[in-house]
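Participant: Give me a 3D structure for the following:
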Amino acid sequence: MILAFDCSGKSVSAAVCDEKSGKPLTARFSEGGGPHSVTLMPLIDEVLKDAGVTVKDLSFAAVTVGPGSFTGVRIGVSLAKGLLLPYNIPVKAVSSLEAAAESVKEDGVILALSDARRERFYFAFFERKGGVLARLSEDAVDDFETVSAHADFYGATVTGDGAGLFKELCKKDCKIAPFKGVDAVDVCLASLKKEAVDVRKLAPVYLALPQAERERNARLTAEK
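Facilitator: Residues are numbered from 1 along each chain as shown. Below is the predicted model:
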């Protein structure tokens with residue numbers, strides 16, 4: 001059994017899936033309504049109970065490690081360690097962008113986006129061919145002009161929690177796929193291609209500095 005969960009964005013989700021097929025036994029999704037530190041654990045408890053398993057029954061867990069909300073990613077990583085360490089359950093780290101790309105089921109090139117603030121985006125390109133999703137680029141962060149130039153070249157379908165803002169900034173029609181938030185079932189699917197590691201090695205992936213650190217560096221530069 002796989003326990004998968006995500007709290008890298010505004011939504012939270014959890015699922016228990018078959019470790020070979022990735023098909024969900026049970027899943028929960030919430031668009032928020034409270035701090036992730038409060039809302040995620042009840043969802044995990046519910047899916048484990050519904051599936052009739054406990055943490056010690058898991059083969060591994062699949063967790064998004066970013067890019068996304070700095071606080072949300074830290075909460076997810078910390079929660080995974082707290083749950084899995086007592087039972088030495090391994091973990092698979094999943095990019096939140098790859099999980100978002102998994103939500104697009106039609107064949108073609110996919111641009112997964114997350115809002116990095118100030119008209120910048122975390123982004124990565126993927127391609128689904130014959131139903132199989134493959135990565136075309138590594139996760140990165142850049143401004144709208146740079147990302148949109150790539151998107152024009154690829155003619156990609158755009159998804160992720162940054163897709164709405166991307167569409168607003170786009171000067172021409174963009175092909176936007178519906179997206180409500182990262183779904184833990186898609187985290188499961190993305191994890192099937194990855195190697196499990198000791199949960200002690202799990203760490204957040206930050207592609208940009210947190211806002212507080214950026215502001216601090218700006219102040220220090222201005223004071224020079």
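Participant: make it CA atoms for all contacts and neighbour counts henceforth
Facilitator: Fine.
Participant: And the strands in this structure, which stretches?
Facilitator: Here the chain has its strands, by DSSP state E, at 2-6, 12-17, 24-30, 60-64, 91-94, 108-115, 120-129, 132-135, 140-143, 157-159.
Participant: Please state the offset of the second one from the chain centre?
Facilitator: By that I understand strand 12-17. Its chain's average C-alpha position is 12 Å from that of strand 12-17, according to CA atoms, centre = their mean, to the nearest Å.
Participant: Packing partners of it?
Facilitator: Helices and strands touching strand 12-17, by 3 or more CA pairs under 8 Å, 6 or more residues apart in numbering; DSSP states H and E, are strand 2-6, strand 24-30, helix 36-51, helix 184-191.
Participant: and if you look at the last one?
Facilitator: Contact partners of strand 157-159 among helices and strands, from 3+ CA pairs under 8 Å, 6+ apart: strand 108-115.
Participant: for the longest one, same thing?
Facilitator: Judged by 3+ CA pairs under 8 Å, 6+ apart, strand 120-129 is in contact with helix 96-102, strand 108-115, strand 132-135, strand 140-143, helix 144-154.
Participant: what is the mean pLDDT for that strand?
Facilitator: Regarding strand 120-129, the rounded mean pLDDT is 96.
Participant: Output the below-cut-off pLDDT ranges for the protein.
Facilitator: Scanning the chain for pLDDT under 70 picks out 209-224.
Participant: can I see the domain layout of it?
Facilitator: Residue ranges for the domains of the chain, per automatic domain parsing: 2-96+181-216, 98-169.
Participant: Out of these, which is closest to Lys175?
Facilitator: Nearest to Lys175, of all the domains of the chain, is domain 98-169, at 5.1 Å by CA to CA.
Participant: now that closest one, how far from the chain's geometric center?
Facilitator: 13 Å.
Participant: Span of that domain from start to end?
Facilitator: Distance between the two ends of domain 98-169: 23 Å, counting by CA to CA, to the nearest Å.
Participant: for stretch 97-114, same thing?
Facilitator: 7 Å.
Participant: From the rest of the structure, what touches it?
Facilitator: With contact meaning CA atoms under 8 Å, 6 or more residues apart in numbering, stretch 97-114 is reached by 66-68, 121-131, 133, 135, 139, 151, 154-163, 177, 179, 181-183, 186-187, 189-190.
Participant: Apply 6 Å and report the result again.
Facilitator: Here stretch 97-114 makes contact (CA atoms under 6 Å, 6 or more residues apart in numbering) with 121-129, 156-162, 182, 186-187, 190.
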